[in-house]
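**Q** Any chance you can model this:
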Amino acid sequence: MDLIILPLIWIANAVLNIYFWVVIGAVVSSWLVTFGVINTKNDFVRTLLDVLYRLTEPVFATIRRVLPTLSGIDFSPIVVLIGLEAFRYFLNLLAVKLVMVKSGI
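**A** Numbering: from 1, shown residues only. Got it, this is the predicted structure:
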């Protein structure tokens, strides 16, 4: 059983890490669009922004329904990042606990 759970925890950690950077990318790209730094008429940029939007907006929208914006500031990415890190922390604790139980510590 442990042979299955530990690799699954590793894969889940990797996926959560990738999604963490997707959220960071979505936030930074939204700032760059807002300040006119990147050209949204470029096909590659538009495709990249669309991918980031499709990956993050369902999660952000769920958080926005619960957490209102304050003074026009959207805190949903911060909540998502904190949630991701908390979930990764608990996965790592579970992995350590499994290794400790298996080794008899």
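**Q** Any regions of this protein where pLDDT drops low?
**A** Along the chain, the model assigns pLDDT under 70 to residues 1-2.
**Q** Tell me where it has helices.
**A** In the chain, the segments counted as helices under DSSP state H are 2-34, 43-66, 76-103.
**Q** how about JSON lines for the ones you listed, with mean neighbour count added?
**A** Where you see a C-beta, it was placed from the backbone N, CA and C, and this is true even at glycine. Below are the helices of the chain laid out as JSON lines (neighbours: other CB atoms under 10 Å):
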{"stretch": "helix 2-34", "mean neighbour count": "13"}
{"stretch": "helix 43-66", "mean neighbour count": "13"}
{"stretch": "helix 76-103", "mean neighbour count": "13"}
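**Q** Correct me if wrong: Val45 contacts Val51.
**A** No. Assessed by CB atoms under 8 Å, Val45 is found out of contact with Val51, at 10.9 Å.
**Q** any idea how far Leu3 is from Leu49?
**A** Per CB to CB, to the nearest Å, Leu49 is found 41 Å from Leu3.
**Q** I am finished for the moment; much appreciated.
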